[in-house]
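S.K.: Dropping a prediction and its sequence here:
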Amino acid sequence: MPRVPVSELPRLGAPLLFAAAILVSFGLRTAPPSVAPVVLAPGEPPAPSAAAVREYFASALARGAPGVDLGPTNAPVTVLEFSDFGCPYSGRFATQTYPSLAREFVRTGKVRWKYVPFAMGMFTNGAAAARAGTCAAEQGTAAFSAMHDALFGSQRAWEAAADPAALFRSYATAAGLDGRRFAACFAADSTGGRIRAANELADHLGVAATPTFFVNGTRVEGALPLAEFRAVLQDALHRAAAQPEIRGGSEL
């Protein structure tokens, strides 16, 4: 089936609106009865094999792969996050959970956190927000982090905008980015190739909901509460210490 443009890509069916369903490979908990399980929409390809996940997880960490590193590349644990700036569950995780995890694990050098912004095609202006985040990343990790926080902190405003470009530029300048450089990047859509590459990587890894994380290669779906995600990372750190061969790589 030919791939449609990123802005039109219908990545998820209606059942996947329950993107906060928690399906954790570490065995901490399963989805509670009140939360519908994440299921593939009709016509979606089957989930990738463990070997394929190992392959594409490793490729996602290579130089030049889509995404932004928010932690040291030599950390014993690597988290690969796929989120859509328009997803409310991704927003909840970004604003309520990630800041504490960043202080405890990323800034202390324990975890390499690689954020992959991509467009699911179901959120208003979501593709434009992915472009804004990717343009901000051209000015460095700190610039991307500032835009990441601004986009997730103001989802309703830019989703409601007929043309969000001016809002995105205001976020960039407020965060101290070079506004003209950002606006030129956004207008030229020079980031389209990188966003398409992010979407293709998500497809290869079988990402069917946002947010989706791969913790040293193990899939974790949904906006887990802080205590549960902290337990996932602590478990991964213990495993990495016991098995140095999986440091920062896949433990599948």
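M.R.: That came through, no problem. Numbering: from 1, shown residues only.

S.K.: for the stretch 151-252 of the chain, what are the low-confidence residue spans?
M.R.: Filtered on pLDDT under 70, the stretch 151-252 of the chain yields the residue ranges 244-252.

S.K.: residue ranges of the helices in it, please?
M.R.: In the stretch 151-252 of the chain, the segments counted as helices under DSSP state H, counting those that start in this stretch are 155-160, 165-174, 179-188, 192-204, 226-242.

S.K.: between those, which gets nearest to R103?
M.R.: R103 lies closest, by C-beta to C-beta, to one member of the helices of the stretch 151-252 of the chain: helix 226-242, at 11.1 Å. The way it works is simple: take the backbone N, C-alpha and C, and place the C-beta from them, glycine included.

S.K.: The residue nearest the centre of the chain: what secondary structure?
M.R.: With distances taken as C-alpha atoms, centre = their mean, the chain has F82 as the residue nearest its mean C-alpha position (2.3 Å). Following DSSP: H, G, I helix; E, B strand; the rest coil, F82 is assigned to strand.

S.K.: Against F123, how distant is the residue nearest to G153 when sequence neighbours are not counted?
M.R.: Nearest in space to G153, with sequence neighbours left out and distances taken as C-beta to C-beta, 6 or more residues apart in numbering, is T95 at 6.3 Å. Distance from T95 to F123, counting by C-beta to C-beta, to the nearest Å: 16 Å.

S.K.: Please settle this for me: is P66 part of a helix?
M.R.: No: counting by three-state DSSP, P66 falls outside a helix, being coil.

S.K.: Surely it is in contact with G192?
M.R.: No: with contacts counted by C-beta atoms under 8 Å, P66 stays clear of G192, the gap being 11.7 Å.

S.K.: Can you pick out the residue with more neighbours from the two?
M.R.: The residue with more neighbours, out of P66 and G192, is P66; 22 against 16, by other C-beta atoms under 10 Å.

S.K.: The closest residue to H204 other than its chain neighbours: what secondary structure?
M.R.: Nearest non-adjacent residue to H204, counting by C-beta to C-beta, 6+ apart: Y56, 4.4 Å away. Here Y56 is helix, with the state taken from three-state DSSP.

S.K.: List the contacts of Y56.
M.R.: By C-beta atoms under 8 Å, 6 or more residues apart in numbering, the contact set of Y56 is P48, L201, H204, L205.

S.K.: Out of the residues you listed, who's the most crowded?
M.R.: Using other C-beta under 10 Å as the neighbour criterion, L205 leads these with 24 neighbours.

S.K.: distance of that residue from A127?
M.R.: The gap separating L205 from A127 is 20 Å, by C-beta to C-beta.

S.K.: What of P225?
M.R.: Distance from P225 to A127, counting by C-beta to C-beta: 29 Å.

S.K.: Likewise for V77?
M.R.: In terms of C-beta to C-beta, V77 sits 31 Å off from A127.

S.K.: is it true that A47 touches V207?
M.R.: No: the pair A47 / V207 is not scored as a contact, 10.1 Å apart, by C-beta under 8 Å.

S.K.: Name the residue in these two with the higher neighbour count.
M.R.: Between A47 and V207, counting by other C-beta under 10 Å, V207 is the more crowded of the two (26 against 13).

S.K.: isn't the more buried one right up against D84?
M.R.: No: using C-beta under 8 Å, V207 is not in contact with D84; the gap is 10.2 Å.

S.K.: any chance of the helices of the stretch 151-252 of the chain in a markdown table, with distance to T218 too?
M.R.: Below are those laid out as a markdown table (distance: least, C-beta to C-beta, whole Å):
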| stretch | distance to T218 |
| --- | --- |
| helix 155-160 | 28 |
| helix 165-174 | 33 |
| helix 179-188 | 35 |
| helix 192-204 | 16 |
| helix 226-242 | 8 |
